[in-house]
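1. Quick check, what structure comes out for this input:
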Amino acid sequence: MNLTAPVNQSVPKHHTREPYTYHYHIEPPPADGDRVEQFLTALAAILRHSNYRFLLDIYANTSSKCGRCAVTCQVYQATDDPRDVPCYRTNLLLDVYRRYYTTSGWLRSRFGGNGLLTEEKIDEMAELFYRCTACRRCKIECPMGIDHGLVAHLGRYVLSEIGIAPKGLVVSVREQLEGKTGNTSAIPLPALLDNIEFLEEELEEMKGVDVPFPVDQEGAEYIFLPAVSDYLMEADTLMGNAAVLHAAGISWTVGTGYFDGINYGLFYSDWILERIIKKLVAEAHRLKARQILIGECGHAARSAKQFVPTYSQNGSLPVVSFLELTQQLIKADKLELDPNEITERVTYHDPCNIARSGWIVEQPRYILRSFVKNFVEMQPHGIQNYCCGGGGGLVSLDETHDFRMTTVGRTKAEQIRATGADIVATPCANCKKQLRELVVHYDLPVQVVGVHDLILRAIRL
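-> Residues are numbered from 1 along each chain as shown. Below is the predicted model:
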């Protein structure tokens with residue numbers, strides 16, 4: 001497979017069915033024994049203790065092989081390999097479900113039939129489920145309403161239960177749930193507090209106003225949870241967040257008991273997803289916050305919005321995206337933004353996790369158009385947007401770099417170049433990392449920033 005084609009050169013098409021080269025580490029190593037039996041046992045347990053069976057029953061009894069999803073999948077568009085068609089990948093799991101967990105499938109299996117699970121099939125699932133960026137663009141086109149991204153997530157979940165999962169994700173959540181620092185970037189609490197002090201000093205020097213980052217303030221309106229990596233790599237985003245809250249006179253706090261909005265469980269394990277959500281909710285209750293405010297992070301926002309109500313044992317709290325809050329404040333004339341500050345041509349990238357459902361689409365555009373004179377859209381955009389190329393946790397896996405750059409990310413690079421923009425704004429830590437790597441790989445003359453980076457430049461305190 002040619003993975004080195006530049007942006008304006010087509011990638012050679014696949015016409016063979018040679019095995020993929022597997023890119024993913026296995027962490028922890030699988031236990032001794034039959035992987036087929038382990039897979040079936042894990043899937044049976046998940047079906048018994050979740051509502052996935054109802055979903056799979058519906059999908060297994062519908063036509064799920066029409067291939068219309070192929071026209072929306074940017075991985076398949078880049079490779080033309082039939083194994084990258086979303087419904088092909090979905091049927092790897094559905095065939096197993098039909099054969100082993102439905103009466104009709106079990107009867108047909110007595111006379112042959114499809115769905116026999118083998119070691120080779122498990123290897124194929126391990127590869128294909130992690131070639132999917134979980135952008136869920138294919139769901140829009142599917143006439144049966146099948147959520148292929150959700151099926152890929154379930155497949156990853158089953159694989160993780162038998163010890164097959166990307167090392168980068170597992171190591172990060174191990175530190176988050178069981179490590180000394182309690183966060184995915186392994187930032188010690190003293191380092192976090194030093195960084196907050198630095199951000200306060202930078203803000204005062206930049207704006208001439210004392211803008212505090214409240215810490216462990218009980219009874220605040222919001223507990224603020226950005227992607228913890230922002231404290232290391234997105235200083236302007238965080239300062240923009242703080243400036244907005246200060247200008248509007250909103251009470252908020254950062255918690256020292258837990259301060260990481262990242263939830264990699266969304267990428268591979270519902271069990272991990274639940275444990276992380278419970279840590280987040282427990283910290284919000286400890287500080288008696290009234291709402292949970294998620295920073296510029298697509299998967300952090302989606303995981304909190306969808307699963308805080310599901311996994312809250314002590315009462316659910318409202319979950320708010322920072323983009324929702326900032327839009328409301330602009331509409332209420334609570335923020336003063338200089339319309340002459342941003343002179344560059346700006347475009348916006350929609351993070352799949354918050355845009356695909358239609359949740360966060362118009363809010364960032366309203367924000368940007370309120371003070372950016374030269375704003376241009378990518379085509380397509382909004383609900384129909386293309387993934388940055390690093391979705392589904394792939395951006396956190398160094399071993400996927402070539403795949404992210406030359407296969408799945410090529411479409412996004414072409415989109416950015418076509419806008420002629422000087423700046424790409426996106427409210428997602430993962431998207432920023434992926435897009436910045438694309439900028440270097442394809443020599444794109446653009447800067448990648450957060451939405452609140454631009455607000456920081458324009459806001460008047």
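2. give the contact list for Leu199.
-> By Cβ atoms under 8 Å, 6 or more residues apart in numbering, Leu199 lies in contact with 213, 235, 238-239, 242. In short, each C-beta sits where N, CA and C put it, glycine included.
3. redo that, cut-off 10 Å
-> 211-213, 231, 235-236, 238-239, 241-242 (Cβ atoms under 10 Å, 6 or more residues apart in numbering).
4. With Asp260 instead?
-> Asp260 makes contacts with 172, 175-176, 181-185, 187, 192, 225-229, 231, 276, 279-280, 283, 300, as judged by Cβ under 10 Å, 6+ apart.
5. out of those, which are inside helices?
-> 172, 175-176, 192, 231, 276, 279-280, 283, 300 (DSSP state H).
6. Would you map out the domains in the chain?
-> 35-165, 181-329, 336-458 (automatic domain parsing).
7. Geometric centre of the protein: which residue is closest?
-> Centroid check for the chain by Cα atoms, centre = their mean gives His299 as the closest residue, at 3.6 Å.
8. Turn the contacts of Leu199 into TSV, including secondary structure.
-> Below are those laid out as TSV (DSSP: H, G, I helix; E, B strand; the rest coil):
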residue	secondary structure
Val211	coil
Pro212	coil
Phe213	coil
Tyr231	helix
Ala235	helix
Asp236	helix
Leu238	helix
Met239	helix
Asn241	helix
Ala242	helix
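9. Put the buried members of these into a PyMOL selection.
-> In PyMOL, this line selects whichever of the contacts of Leu199 come out buried by 16 or more other Cβ atoms under 10 Å:
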select buried, resi 211+213+231+235+236+238+239+241+242
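10. And the furthest pair within the contacts of Leu199?
-> Pro212 and Asp236 (17.5 Å; Cβ to Cβ).
11. could you give me the average pLDDT of the helix or strand encompassing Leu266?
-> Following DSSP states H and E, one finds Leu266 within helix 265-268. Mean pLDDT, computed over helix 265-268, is 97.
12. Just list what it packs against, helices and strands only.
-> helix 148-161, helix 167-178, helix 270-286, helix 298-311 (3 or more Cβ pairs under 10 Å, 6 or more residues apart in numbering; DSSP states H and E).
13. got those helices as a markdown table, with distance to Leu107 columns?
-> Below are these laid out as a markdown table (distance: least, Cβ to Cβ, whole Å):
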| stretch | distance to Leu107 |
| --- | --- |
| helix 148-161 | 24 |
| helix 167-178 | 39 |
| helix 270-286 | 31 |
| helix 298-311 | 36 |
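14. Without its sequence neighbours, what residue ends up closest to Ala242?
-> Excluding the flanking residues, the one nearest Ala242 by Cβ to Cβ, 6 or more residues apart in numbering is Val211, at 5.3 Å.
15. Pull the contacting residues for the closest residue to Ser312 other than its chain neighbours.
-> Spatially, and ignoring its direct neighbours in sequence, Ser312 is nearest to Val281 (5.1 Å; Cβ to Cβ, 6+ apart). Contacts for Val281 (Cβ under 10 Å, 6+ apart) come out as 223, 258, 292, 304, 307-309, 311-317, 319.
16. again, only using 8 Å
-> 292, 308, 311-314, 316-317.
17. Distance check, it against Asn353.
-> As defined by Cβ to Cβ, to the nearest Å, Val281 lies at a distance of 19 Å from Asn353.
18. Repeat that for Met233.
-> Taking Cβ to Cβ, one finds Met233 at 19 Å from Asn353.
19. who has more neighbours, these two?
-> In terms of neighbours (other Cβ atoms under 10 Å), Asn353 is the more surrounded of Met233 and Asn353; the figures are 28 against 13.
20. In terms of helices and strands, where is that one?
-> Going by DSSP H and E, Asn353 is part of helix 352-355.
21. buried set for that helix?
-> 352-355.
22. Tabulate those (TSV), appending pLDDT and distance to Arg110.
-> Below are the buried residues of helix 352-355 laid out as TSV (pLDDT from 0 to 100; distance: Cβ to Cβ, whole Å):
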residue	pLDDT	distance to Arg110
Cys352	98	42
Asn353	97	43
Ile354	98	47
Ala355	98	47
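23. name the helices or strands packed onto the lowest-mean-pLDDT helix or strand in the chain?
-> The helix or strand of the chain with the poorest confidence is helix 103-109; it has a mean of 80 (mean pLDDT, DSSP states H and E). In terms of contacts (3 or more Cβ pairs under 8 Å, 6 or more residues apart in numbering; DSSP states H and E), helix 103-109 is packed against helix 86-101.
24. I'd like to know which elements the helix it packs on is packed against.
-> So helix 86-101, by 3+ Cβ pairs under 8 Å, 6+ apart, packs with helix 35-48, helix 52-60, helix 103-109, helix 119-128, helix 148-161.
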